[in-house]
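In: this one's structure only:
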Ligand SMILES: Cc1ncc(COP(=O)(O)O)c(C=O)c1O
């Protein structure tokens, strides 16, 4: 297994190369302006079957295509080619453990911020799946950000684009400077949107509530998975609607979610304790079912797993 960061292989523009050789032009629009779209895809190792399963691969590639089209990047790679690159580079690394994979389409060459190409692609499996410190915490103490979430008429949060993360960066750095683990960002109308790299759910009176997609939220695959688990497996009522700031202070449970973060409970918001300040019951149940689902052990839902080997 080539799990050390230094020894891993990257897929870059048609070739599997050692990390040190996976370099790009400093003058490229991706380097200068963040002109790229990407996905963060999780794979889970199944010990009994000796198989590595990628979770909701088609949904990730469909979202990547949507991001590429919205930014009018050249349509250089088909979904089949993207999938083959993904599988080839994981196999080259011989990973037999849980991993996260970054797959990015980027504007290469010597153009500028509005160039449509040439479009390159890299695929980078990341052995340590939970990359950010807040993703490894048992529960999060959050603030509400003083920064406003980007919106569909400025930089659409629906597009998973590198440059969008400058908004997340400002919010996250402010939160950490002020002693919080992470932050919840409000949209231009003052309604709750999402975390800097995750979606948000709260529980009120036994009901699961999450901001609607049109409230400046990424079309998150984890969010969709959780809604389906809640409805089809746990038979919970789910509301997708606008959420007010004060609902964060009075909810019974809250959690952030995403491919990297999975389900991570929120213990407090702006120092208001959420529930009893621990992981809530519904959050725990959802987490158990989520882990079953991503490892292909949830018979009540679609089979969302693609075997790599
Ligand atoms: C801003 C933002 N929201 C939500 C998510 C969760 O998306 P997904 O569940 O598709 O990983 C992410 C994940 O990267 C994100 O960056």
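Out: Perfect, I can see it now. Predicted model only: the values in this text are computed from it and were never measured.
In: wait, does stretch 24-39 contact the ligand?
Out: No. Interface with the ligand: stretch 24-39 contributes nothing (C-beta under 6 Å from any ligand atom), its closest point being 7.8 Å away. Just so you know, the C-beta spots here come from the backbone N, C-alpha and C atoms, and that holds for glycine as well.
In: Pull the residues that contact that stretch.
Out: Residues from elsewhere that reach stretch 24-39 (C-beta atoms under 8 Å, 6 or more residues apart in numbering): 12, 60-61, 63-64, 67-68, 71, 73, 101-113, 115, 120, 159-163, 165-166.
In: Drop anything exposed from those.
Out: The neighbour count (16 or more other C-beta atoms under 10 Å) marks 12, 60-61, 63-64, 67-68, 71, 73, 101, 103-108, 111, 115, 120, 159-161, 163, 165 as buried among the contacts of stretch 24-39.
In: Of those, which ones also sit close to the ligand?
Out: Okay, of the buried ones among the contacts of stretch 24-39, nothing touches the ligand (C-beta under 6 Å from any ligand atom).
In: Okay, and which of those map to helices?
Out: 60-61, 63-64, 67-68, 165 (DSSP state H).
In: Can you pick out the most distant pair from these?
Out: 61 and 165 (20.4 Å; C-beta to C-beta).
In: how about the residues of the stretch 101-250 of the chain that lie near the ligand?
Out: So far as C-beta under 6 Å from any ligand atom goes, the stretch 101-250 of the chain lies against the ligand at 168, 194, 197-199, 218, 220-223.
In: Make CSV out of the ones in helices among the buried ones among the contacts of stretch 24-39 and add pLDDT.
Out: Listed next are those as CSV, based on pLDDT from 0 to 100:
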residue, pLDDT
60, 98
61, 98
63, 98
64, 98
67, 98
68, 98
165, 97
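In: remind me, longest strand of the chain?
Out: strand 36-46 (DSSP state E).
In: Go through that one and flag the buried ones.
Out: 36-45.
In: What is the nearest of the residues you listed to the ligand?
Out: The ligand lies nearest to residue 40 out of the buried residues of strand 36-46, by C-beta to the nearest ligand atom, at 5.1 Å.
In: Name the nearest residue to the closest one, sequence neighbours excluded.
Out: Using C-beta to C-beta, 6 or more residues apart in numbering and skipping residues adjacent in sequence, the residue nearest residue 40 is residue 259, 5.1 Å away.
In: Report the contact partners of that neighbour.
Out: With contact set as C-beta under 8 Å, 6+ apart, residue 259 has these partners: 40-42, 55, 100, 221-222.
In: let's see it at 7 Å
Out: Counting by C-beta atoms under 7 Å, 6 or more residues apart in numbering, residue 259 makes contact with 40-42, 221-222.
In: Pull the residues that contact the helix or strand hosting residue 193.
Out: Using DSSP states H and E, the element containing residue 193 is strand 192-194. Applying C-beta under 7 Å, 6+ apart, the contact partners of strand 192-194 are 149, 184-187, 200, 211, 215-218, 243, 245, 248.
In: hang on, the earlier thing: any chance of TSV for the ones in helices among the buried ones among the contacts of stretch 24-39, columns distance to residue 7?
Out: Below are these laid out as TSV (distance: C-beta to C-beta, whole Å):
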residue	distance to residue 7
60	26
61	27
63	30
64	27
67	31
68	31
165	28
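In: Which positions are bridged to the nearest residue to residue 247 once chain neighbours are set aside in the beta structure?
Out: Setting aside the residues directly before and after it, residue 247 is nearest to residue 202 in space (C-beta to C-beta, 6+ apart), at 6.2 Å. Residue 202 has these beta-bridge partners by DSSP bridges: residue 209, residue 254.
In: hang on, residue 202 packs against residue 184?
Out: No. Using C-beta atoms under 7 Å, residue 202 is not in contact with residue 184; the gap is 10.0 Å.
In: what residues are shared contacts of these two?
Out: In contact with both residue 202 and residue 184: residue 248, using C-beta under 7 Å, 6+ apart.
In: More neighbours: these two, which one.
Out: Counted by other C-beta atoms under 10 Å, residue 202 and residue 184 do not tie: residue 184 has more neighbours, with 29 against 25.
In: Name the SS class of the more buried one, please.
Out: Classification of residue 184 using DSSP: H, G, I helix; E, B strand; the rest coil returns strand.
In: Quick check: it touching residue 197?
Out: No. Contact criterion C-beta under 7 Å: residue 184 and residue 197 do not qualify, at 11.9 Å.
In: From residue 46, how far off is residue 198?
Out: Noted for residue 198: a distance of 25 Å to residue 46, by C-beta to C-beta, to the nearest Å.
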